[in-house]
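J.: Here's a sequence, model it:
(chains A and B)
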Protein chains: 2
Amino acid sequence: MEYSFSNKVANLKASAIREILKFTAFPDVISFAAGNPAPEAFPAEEVKEITARVLAENPVAALQYSITEGYTPLRDTLKKRLASQSCYNSDIDDLIITSGGQQGNELSCKVFLNEGDTLICESPSFIGSINSFKSYNVNLVGVEMDSEGIDLEKLEEAIKSNKNVKIIYLIPNFQNPTGKCMSFERRKAVYELARKYDVMILEDNPYGEIRFAGEHIPSIKSLDTDGRVIYVGSFSKILAPGIRVGFVSAPKAVIQKIVVCKQVSDVHTNILAQIIADEFLNKYDIDSHLERIRAIYRSKCGLMLSEIDKNFSKKISVTRPQGGLFIWATLPEGCDMMGFCKKAVEAKVAVVPGTAFTIHETDPISSFRLNFSTPTDEQLVKGCEILGKMSKEMFD
Amino acid sequence: MEYSFSNKVANLKASAIREILKFTAFPDVISFAAGNPAPEAFPAEEVKEITARVLAENPVAALQYSITEGYTPLRDTLKKRLASQSCYNSDIDDLIITSGGQQGNELSCKVFLNEGDTLICESPSFIGSINSFKSYNVNLVGVEMDSEGIDLEKLEEAIKSNKNVKIIYLIPNFQNPTGKCMSFERRKAVYELARKYDVMILEDNPYGEIRFAGEHIPSIKSLDTDGRVIYVGSFSKILAPGIRVGFVSAPKAVIQKIVVCKQVSDVHTNILAQIIADEFLNKYDIDSHLERIRAIYRSKCGLMLSEIDKNFSKKISVTRPQGGLFIWATLPEGCDMMGFCKKAVEAKVAVVPGTAFTIHETDPISSFRLNFSTPTDEQLVKGCEILGKMSKEMFD
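T.: This next block holds a predicted model:
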């Protein structure tokens, strides 16, 4: 039988990363391709304790239908925590629990954009979000970045030259895939541009809590006086991604629409997972947990960077992230990036070619993404040696 | 700030049931308005055991990112179980785990329908699905039912008179809200109509496993030789709804598209919940568990029906369901159904007015929905007495 699929999904493809990840199933392949948090960062013992207690004391509350907005104690906990970070203002904002940050981004797009409306994002950007936006048939426009974040002139040009620009999507902290952190000046300037042209900002911050170097930079949300910033956060990197718990802090009218859309999607997020997240924030020392996680990533990122410095051809430049999970490596101009990535897999090291993160498949890119959170220290050393040897043979 | 929301959500309203349910928060209100499974039907002890074991033995597997298709052992378990019910054919079908059956219905709509395309459903139908379809701006057409299910002549007329009819959405077993069960003859005839006009069927079966009277009727999926039936199931009624685990069995090409759409929505369903569902099906006696649940609902439904017979005005007719959670009560023609429901809430009994389930808000309807799974036996007796007294005062 021939199926006639909607034009929303007819051209939507499974993430290119998934194809690469297939190779990583082979036990002899060192994977720098994943985006997984370090498993040793999961508070497994705490999750076990909480779950046992909750299912002993009040199993029905953890098993029955719940409300779409989310588990009220967790919402209250997050409101307080986000207020202390200036990411929630009780006068104008509300907060909803989502099934991962991804759902927060998806529903924000559904709520604001008609087919053909424009959403502007950094280029390159997170493949999951890009595909999510594409699945609503919006006009997706990528704007390149410099070392301080999205390029202001090009952003303004993109706003002016596209019709119905509704949302600017940004990952200001330790962006996926580049690891870049947007400067405070740039955040302020982007917010002013959004005001000037009356555009919403969708601020995706999955990595903000795992800054392991440098100074905290206030969120764009914290600058918002109009009610034009939608702030999306997640427990995936600070607790565990398998539980699929994220949240959105945004003006009340926006949250109201997201609630309606979530209600018709998955009704509510797994309730046991929400209770786990709430108890973990309240009954354990979250700050020392975060310090422990940051130390893990600081060490792994530092090790990968020093091995890159030691082994890679000097013609490859890399970002030096102060948080998050990723390093972005760029080959000399005119080099065959795809060829390099294929050769790497043949040599048993998987990296993600930059094409996986471009807005349009044909956008030129000569970079690839390296993940330092999932590999062991031995794998980080060994994998960088292999890539380094390859790079010197190819480029020196 | 004024927000310009997408036309998909601008007119989408929160479920009317939610408004009614607000009243049920008062402890002195007897609620026949919920759609919740009976809490005593949850296998709480088993969930506690499974969770403790899984989090002790392999916490990382339960906490790390997983694949969009779902936890492979659970998919294999369900494929076997559904194959034995003729709801999965390994030659043509594949299976994906979703975050509740609702997500299966939503993504099926997203995958097939462009804005303006037509989806036909029973009228009245499940409010969650109706709103889900509306959120994709499709042309939603309701077709009325008789005692055997959707009206065939009117269905054919609806297919012929609407453009781009892509999907017929049906809840053949113990339909929400009517409790009606579609006859086998009708299922065959609907399938033949779908073939004749080359339309897909979306078969939503959340209640099929809780038949407590009468004979099993084969699913429409079991009749499918073309690959035109998408079958959606759920653990909400047989295990617990709070875990948000459902599944879709459909032709491989369809599942492939649903996978891509789910990946950009919530990446994957909570993995611990999937492991719980799998272990529960494999390590416990699911058949005797289902017998225990069915006995609970058989008893509660029987009690409500006998109290209705004893108390209600004979001018109110009710369905006599053989499964599921709901009884559908219809007032004499020309009566003020909304007035009756409002008076009921004032008398401390909440029911859901039929308007909550009509396809368009203005469709005339003189019925209301009664739930028998959530109230206690005492509440069932007391609530029916109150409604009965009211009905006699109003109609006799």
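
J.: CA only for contacts and neighbour counts going forward, please
T.: Noted.

J.: Contacts for the longest strand anywhere in chain A, please.
T.: Ranked by residue count and defined by DSSP state E, the top strand of chain A is strand A:139-146. Contact with strand A:139-146 is made by A:115-124, A:130, A:133-134, A:150-151, A:154-155, A:158, A:359, as judged by C-alpha atoms under 8 Å, 6 or more residues apart in numbering or on different chains.

J.: Give me the sheet partners of it and which way each runs.
T.: strand A:118-123 (parallel), strand A:149-150 (antiparallel) (DSSP bridges).

J.: quick one: the longest one to chain centroid distance?
T.: On the basis of C-alpha atoms, centre = their mean, to the nearest Å, the separation between the geometric centre of strand A:118-123 and that of its chain is 15 Å.

J.: Next, count neighbours for the nearest residue to A:Ile217 once chain neighbours are set aside.
T.: The shortest distance from A:Ile217 to any non-neighbouring residue, by C-alpha to C-alpha, 6 or more residues apart in numbering or on different chains, is to A:Phe184 (6.1 Å). A:Phe184: 17 surrounding residues under other C-alpha atoms under 10 Å in any protein chain shown.

J.: got it, and A:Leu113?
T.: A:Leu113: 27 neighbours (other C-alpha under 10 Å).

J.: pretty sure it is touching B:Ser6, no?
T.: Yes - A:Leu113 is in contact with B:Ser6 according to C-alpha atoms under 8 Å; the separation is 5.0 Å.

J.: OK, contacts around A:Ser129?
T.: Contacts of A:Ser129 by C-alpha under 8 Å, 6+ apart are A:Gln102, A:Asn105, A:Glu106, B:Val264.

J.: What is the distance between the helix or strand hosting the second one and the centre of its chain?
T.: For A:Asn105, the enclosing helix or strand under DSSP states H and E is helix A:100-112. With C-alpha atoms, centre = their mean as the basis, helix A:100-112 stands 13 Å off its chain's centre.

J.: can you check stretch A:128-143 too?
T.: On C-alpha atoms, centre = their mean, the centre of stretch A:128-143 falls 15 Å from that of its chain.

J.: Tell me if stretch A:192-202 is near chain B.
T.: No - using C-alpha under 8 Å from any C-alpha of the partner chain, stretch A:192-202 stays clear of chain B, with a minimum separation of 9.1 Å.

J.: A:Ser4 and B:Ser391, how far apart?
T.: Per C-alpha to C-alpha, to the nearest Å, A:Ser4 is found 50 Å from B:Ser391.

J.: the more surrounded of the two?
T.: B:Ser391 (20 against 11).

J.: Excluding residues flanking it in the chain, which one is nearest that one?
T.: Closest to B:Ser391 by C-alpha to C-alpha, 6+ apart is B:Ser313, at 5.5 Å.

J.: The one you found falls within a strand, correct?
T.: No - counting by DSSP: H, G, I helix; E, B strand; the rest coil, B:Ser313 falls outside a strand, being coil.

J.: State the pLDDT value of it.
T.: Per-residue confidence (pLDDT) for B:Ser313: 96.

J.: Repeat that for the one 10 residues further on.
T.: B:Gly323 carries a pLDDT value of 98.

J.: cool, A:Thr362 as well?
T.: 82.

J.: Quick check: it vs chain B, distance?
T.: To chain B, A:Thr362 is 20 Å away according to C-alpha to the nearest C-alpha, to the nearest Å.

J.: where does that residue land in three-state SS?
T.: coil.

J.: how many neighbours does it have?
T.: Neighbours of A:Thr362 (other C-alpha under 10 Å): 8.

J.: Need the nearest residue in space to it, chain neighbours excluded.
T.: Closest to A:Thr362 by C-alpha to C-alpha, 6+ apart is A:Thr355, at 7.9 Å.

J.: Can you report how many residues lie near the one you found?
T.: Residues near A:Thr355, counting by other C-alpha under 10 Å: 22.

J.: of the contacts of strand A:139-146, buried ones?
T.: Taking 16 or more other C-alpha atoms under 10 Å in any protein chain shown as the criterion, what is buried in the contacts of strand A:139-146 is A:115, A:117-124, A:130, A:133-134, A:150-151, A:155, A:158, A:359.

J.: Any residue of stretch A:266-283 touching chain B?
T.: Yes - for stretch A:266-283, a contact with chain B is found by C-alpha under 8 Å from any C-alpha, at A:Asp266, A:Val267, A:His268, A:Thr269, A:Asn270, A:Ile271, A:Leu272, A:Ala273.

J.: B:Val259: which of these is nearest?
T.: Nearest to B:Val259 among the residues of stretch A:266-283 next to chain B, counting by C-alpha to C-alpha, is A:Asp266 at 15.1 Å.

J.: from what I can see the closest one touches B:Gln102, true?
T.: Yes - counting by C-alpha under 8 Å, A:Asp266 touches B:Gln102, with 5.8 Å between them.

J.: still on that earlier bit, redo the residues of stretch A:266-283 next to chain B as a markdown table? Include pLDDT.
T.: Below are these laid out as a markdown table (pLDDT from 0 to 100):
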| residue | pLDDT |
| --- | --- |
| A:Asp266 | 97 |
| A:Val267 | 95 |
| A:His268 | 97 |
| A:Thr269 | 98 |
| A:Asn270 | 98 |
| A:Ile271 | 97 |
| A:Leu272 | 97 |
| A:Ala273 | 98 |
